[in-house]
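A.B. asks: fold the following, please.
(2 chains)
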Amino acid sequence: MKIVTWNVNSIKVRLPQVIHWLMTNQPDVLCLQETKLQDENFPLAEIAAAGYQASYAGQKTYNGVAVISKRSCGEIISSIPDLEDPQKRVLAVTYGDVRVICIYVPNGESVESEKYQYKMKWLTALNLWLQDELHKHPKLVLLGDFNIAPEECDVHDPELWRGKVLFSQPERDAFQELINLGLVDSFRLFNQPDKSYTWWDYRMMAFRRNIGMRIDHILLSNDLSKVCTSCTIDKEARRFERPSDHAPVTVELTL
DNA sequence: ATGGCCTTTATCAAAGGA
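C.D. replies: Predicted coordinates for the structure are as follows:
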C-alpha cells in the first residue's frame, strides 16, 4: 500500500500535475493540503477519469484538504472534535482497518502573532483527539503539512531558524508529543540523504540552492511502522513547470 | 540579506503562505 502527502498550493493550478503524478506513481492514497477551493468546485471528474475517488473538505481561498484513493473509504471526519474551528484542515478516512488522517497544521506566521497561539492550540486539540483515534485504530497514519521542522537536520540553517516559527521549541515539543502517543516519523526509519527537505521558498532560488525545510511528514502507529518498507521525498515534482513549493512524501506499507 | 515568489480575490493592491 502506497500512501502519499502533498501540499499542492491550489488544486486548481496544480491539477495537471496531480493527474500526471497519479498516473505515473499509482499511489493507493494521495492526501492533499491547501486545495483552496469550495467543495462544489472540486475537480472530481478529472480525478475520476484517472481512476480515482476523492473525499474533500474545502473552503474559499485558504486551506482545504482532500484524500484521493483507488478504493472507496468509510468513516469520514472533517474536523477535530472538541475544537471550534471554521478552517478546513483535517480529513480522516478509513480503508479496511487502516485509518488515514490528513492534516494541514496552521502556519503560525510568527511566534509573536495570534496565529501562532492558534497553531499551538490546534496542535493540543489534535493531540487529544489522536489519543482516541489511536485507541480505535491501531493501524493509523497521520500525515500532511505539519508546518514544523522537528530536528536540526530538517532545517537548512538551524541557527537562522532557531526560535522562529516552524522551528520554535514549543512547536518542536508539540511534534514530540505526537510521537510520544506512539507514532513514528517514517522518514527516519530509513537512511536518507543529507539535507532532505520537503519545502523550498519560491524566492531566492531556494530550491536550486537546496535552502529548504522538512515540514511535511508521515507518522505511523507502531503496528504500521513494522510493515513500512520505505519513505521517500519526490524532489522531481518540485522541478515541474509551475510547481508547488512542497514536494510529495510517500510511504510504502506491506499491507 | 527580512526581501526577492506564488495564489487568491479583487483592484488599479493586499493578504497569506513558510
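
A.B. asks: all helices for the stretch 1-150 of chain A, in order.
C.D. replies: Using DSSP state H, counting those that start in this stretch, the helices assigned to the stretch 1-150 of chain A run over residues A:11-25, A:44-49, A:114-136.

A.B. asks: now mean pLDDT and distance to A:Thr5 too, for those, in JSON lines please.
C.D. replies: (Glycine included, C-beta is placed from N, CA and C.) Converted to JSON lines, these look like this (pLDDT from 0 to 100; distance: least, Cβ to Cβ, whole Å):
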{"stretch": "helix A:11-25", "mean pLDDT": "96", "distance to A:Thr5": "12"}
{"stretch": "helix A:44-49", "mean pLDDT": "96", "distance to A:Thr5": "17"}
{"stretch": "helix A:114-136", "mean pLDDT": "97", "distance to A:Thr5": "15"}
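
A.B. asks: neighbouring contacts of stretch A:233-240?
C.D. replies: With contacts defined as Cβ atoms under 8 Å, 6 or more residues apart in numbering, stretch A:233-240 is touched by A:6, A:17, A:21, A:25, A:187, A:196-198, A:200, A:207, A:214, A:243-250.

A.B. asks: again, but for stretch A:183-194
C.D. replies: The contact list for stretch A:183-194 (Cβ under 8 Å, 6+ apart) reads A:130, A:134, A:140, A:142, A:150, A:153, A:179, A:196, A:214, A:217-222, A:225, A:228, A:230-231, A:233, A:249, A:251.

A.B. asks: span of that stretch from start to end?
C.D. replies: Start-to-end span of stretch A:183-194 (Cα to Cα, to the nearest Å) is 23 Å.

A.B. asks: buried ones in it?
C.D. replies: Within stretch A:183-194, the residues scored as buried using 16 or more other Cβ atoms under 10 Å are A:Leu183, A:Val184, A:Asp185, A:Ser186, A:Phe187, A:Leu189.
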